[in-house]
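Asker: Return a 3D structure for these sequence lines:
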Amino acid sequence: MAIKVPTANISHEEWLRMRQGGIGGSDAGGICGLNPYASPMSVYHEKVSQDVEDIDNEAMRQGRDLEEYVAKRFMEATGLKVRRSNAMYRSEEHPFMIADVDRLIVGEDAGLECKTASPYNSDKWKEEEIPPHYVIQCYHYMAVTGRKAWYIAVVILGQGFKFRKLSWDEELVQDLISIEENFWNNHVVPRVMPDPDGSEISEEVINRYYPRASRETIALPAEFDQQLRRREEILEIEGRLAQERKLIDQKIKMFMGEYEAAANERYRVSWSNVDTVRIDSRRLKQEQPELYRSFSMSSQSRRFTVKAA
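Answerer: As a prediction, the model looks like this:
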């Protein structure tokens, strides 16, 4: 069973605070390491932050604005009726799990998740495929609401419409509950940051927590020696692979000569003209120092380097 908290008359900031108080469907994929736009570290940061972060971009806005259109296309394609729930659901048995669902199916023990996708990501929806973090999102909603099925519908902008139905999977649901419970009780509640996972989003979180360096040196534990040796090996492998890739590029360039493109049934290669305009900053600084200073912007970041002792 789930506790239903009405959201129709609350402010956007109140809604964000409610999301911060539990693990939502869009968080689940990040915790499981399946979301390319989130990681356990980024979800943790969002939940423990004193400030409510209202992250938004054009793609997210289009997704919200087109949600109603996707729901209508789904009803046209299936003959089913859907309705808004206007509520935030919280699991009674697992109160750290919450769900803000797009639609519920009228007359069926199921819900609907509405998505939009760029044509550049259409391959992620080919045939019967669904991006893994969206699958986890739907099963999270099933786990919270207790509903036995969840539909996911997508409009691939300018290309078409698809929908799929996911049915209750007891083993998957229980595994997901266990993963989220571990994350909440062992990280969020005691304020223990999860380990990094090598993703760019984890790198952003680390830089946010530690933006400035003090000019001090600390002792490096010997336990890192093995990992740093492995790092050296990886850099060597990366160098060899980069040279091999460049060799392939050079052979194809020699074949193409003055031609801009080459194609066959499997590949299309482009070697096109690119006009680049750059400001000669050194000359500008010398000849127009005041203009250079007025348009200069400084930024601070930290550079990570490793050298053998």
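
Asker: ok, now which ones touch the closest residue to Ala99 other than its chain neighbours?
Answerer: The spatial neighbour of Ala99 that comes closest, neighbours along the chain excluded (Cβ to Cβ, 6 or more residues apart in numbering), is Val144 at 3.9 Å. No exception for glycine: its C-beta is placed from N, CA and C like everyone else's. Applying Cβ atoms under 8 Å, 6 or more residues apart in numbering to Val144 gives the contacts 2, 89-91, 94, 97-99.

Asker: Please produce TSV containing the residues you listed, extended by neighbour count, distance to Ala242 and pLDDT.
Answerer: TSV is the format used below for those (neighbours: other Cβ atoms under 10 Å; distance: Cβ to Cβ, whole Å; pLDDT from 0 to 100):
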residue	neighbour count	distance to Ala242	pLDDT
Ala2	22	51	85
Tyr89	24	49	95
Arg90	19	50	95
Ser91	22	48	96
His94	18	47	96
Met97	27	44	97
Ile98	24	45	96
Ala99	25	45	96
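
Asker: Give the buried residues for the helix or strand harbouring Ala242.
Answerer: Secondary structure from DSSP states H and E places Ala242 in helix 225-256. For helix 225-256, the neighbour count (16 or more other Cβ atoms under 10 Å) marks no residue as buried.

Asker: isn't Leu34 right up against Tyr139?
Answerer: No - using Cβ atoms under 8 Å, Leu34 is not in contact with Tyr139, being 11.4 Å away.

Asker: any idea how far Met97 is from the residue nearest to Ala99?
Answerer: Distance of Val144 to Met97, given as Cβ to Cβ, to the nearest Å: 5 Å.

Asker: do Glu113 as well
Answerer: Applying Cβ to Cβ, the value for Glu113 to Met97 is 16 Å.

Asker: tell me the domain boundaries of this protein?
Answerer: The chain breaks down by automatic domain parsing into domains covering 2-209, 224-295.

Asker: got the contact list for Ala262?
Answerer: Ala262 neighbours (Cβ under 8 Å, 6+ apart): 252, 255-256, 268-269.

Asker: Can you tell me which of these is nearest Asp51?
Answerer: When the contacts of Ala262 are ranked by distance to Asp51 (Cβ to Cβ), Arg268 comes first, at 46.1 Å.

Asker: Please, where are all the helices along the stretch 101-250 of the chain?
Answerer: With helices called from DSSP state H, counting those that start in this stretch, the stretch 101-250 of the chain shows them at 132-145, 170-183, 200-209, 225-256.

Asker: Ser85: what secondary structure?
Answerer: Classification of Ser85 by DSSP: H, G, I helix; E, B strand; the rest coil places it in coil.

Asker: For the closest residue in space to it that isn't next to it in sequence, name its beta-bridge partners.
Answerer: Closest residue to Ser85 apart from its sequence neighbours, by Cβ to Cβ, 6+ apart: Leu104 at 5.3 Å. Leu104 has these beta-bridge partners by DSSP bridges: Arg83, Gly111.

Asker: so where's the stretch 101-250 of the chain shaky on pLDDT?
Answerer: Low-confidence segments of the stretch 101-250 of the chain (pLDDT under 70): none present.

Asker: what about 90?
Answerer: Within the stretch 101-250 of the chain, the ranges that satisfy pLDDT under 90 run 118-123, 126-128, 157-160, 208-215.

Asker: Just want to know which of Leu34 and Tyr139 has more residues nearby.
Answerer: For Leu34 versus Tyr139, neighbours defined as other Cβ atoms under 10 Å are more numerous around Tyr139 (22 against 16).

Asker: ok, now which ones touch Tyr141?
Answerer: Tyr141 makes contact with 25, 99, 101, 111, 113, 147, 150, according to Cβ under 8 Å, 6+ apart.

Asker: Count the neighbours of the residue nearest to Ser85 for me.
Answerer: So Leu104, with other Cβ under 10 Å, has 19 neighbours.

Asker: shouldn't it be in contact with Glu113?
Answerer: No - using Cβ under 8 Å, Leu104 is not in contact with Glu113; the gap is 11.0 Å.

Asker: re earlier: out of the domains of the chain, the one nearest Arg302 is which?
Answerer: Nearest of the domains of the chain to Arg302, taken as Cβ to Cβ: domain 2-209 at 7.0 Å.

Asker: First-to-last residue distance for the closest one?
Answerer: Using Cα to Cα, to the nearest Å, one end of domain 2-209 lies 35 Å from the other.

Asker: if we can go back for a sec, possible to save the domains of the chain as JSON lines with distance to Ala308?
Answerer: What follows is the domains of the chain, written out as JSON lines (distance: least, Cβ to Cβ, whole Å):
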{"stretch": "domain 2-209", "distance to Ala308": "23"}
{"stretch": "domain 224-295", "distance to Ala308": "8"}
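
Asker: among those, which is the most enclosed?
Answerer: Among the domains of the chain, domain 2-209 has the highest mean neighbour count (mean count of other Cβ atoms under 10 Å), at a mean of 17.
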